[in-house]
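Student: Sequence first, predicted model second:
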Amino acid sequence: MESVLASRAAWDRVASQTGSYGGLQGTFFNTISGANTMTKDNDEVIDTLNDLLESCRDGEYGFNSAAEHTQTADLKTMLARHAQECRTAGQELQALIRQLGGEPDEGGTVAGALHRGWVSVRGTLTGHSDVAMLDECERGEDTAVARYRKALKQNLPPAIRSVVERQAEGAQRNHDQVKAMRDALKAKS
């Protein structure tokens, strides 16, 4: 029963900040079995948000790494801006996770670490060309966009869904901008 009350308190915090329980209050808090469902659903939402948080961290690290290895000032600025956007999105997800009574996971994913390693190896082999760095950034954003699409298939409360949708649109914009920049650089060479 204590975890049920903790879950209720977490949803009350979300509602106080968003103005809505996302239609969940009556569904989950009116009966004990509903409260148990809430705990299970709450854990699933936290897991989904933690998965996206890891993706944000991977993006932040990947964009920062690519920015360090690019040669063009405009490109460095764009990549640093995308890294900051990923950081801000991650902070927003951390806040939601805590509001739901969860604990944000630490670090990024193993795949993200391998990708960052590949960025370094590829950069060394290609002389850290801007096109190679953008190729790797696009690959990273492909993964981020896929993770957001997967998250949006989950049954998320409306207030959280709107945050995830907004962040998914940001990941898609980052992907599209990186791809357009890479294609423009390839066309010049």
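Tutor: Ah, there it is.
Student: CA only for contacts and neighbour counts going forward, please
Tutor: Will do.
Student: what does stretch 177-189 contact?
Tutor: Here stretch 177-189 makes contact (C-alpha atoms under 8 Å, 6 or more residues apart in numbering) with 130-131, 134-135, 137-138.
Student: which intervals of this protein have sub-threshold pLDDT?
Tutor: Low-confidence segments of the chain, defined by pLDDT under 70: 1-40, 107-128.
Student: hang on, the earlier thing: which one of the contacts of stretch 177-189 is nearest to Arg98?
Tutor: Among these, Cys137 lies closest to Arg98 (C-alpha to C-alpha), at 29.4 Å.
Student: separation between the closest one and Ala180?
Tutor: Taken as C-alpha to C-alpha, to the nearest Å, the spacing of Cys137 relative to Ala180 amounts to 12 Å.
Student: With neighbour numbers in mind, choose between the two.
Tutor: Neighbour count, other C-alpha atoms under 10 Å: between Cys137 and Ala180, Cys137 has more, with 27 against 14.
Student: quick one: contacts for the more buried one?
Tutor: Contacts for Cys137 (C-alpha under 8 Å, 6+ apart) come out as 62-63, 66, 175, 178.
Student: and which of those is nearest to Thr143?
Tutor: Using C-alpha to C-alpha, His175 comes nearest to Thr143 of the contacts of Cys137, at 9.9 Å.
Student: Where does that closest one fall, secondary structure wise?
Tutor: Applying DSSP states H and E as the criterion places His175 in helix 158-188.
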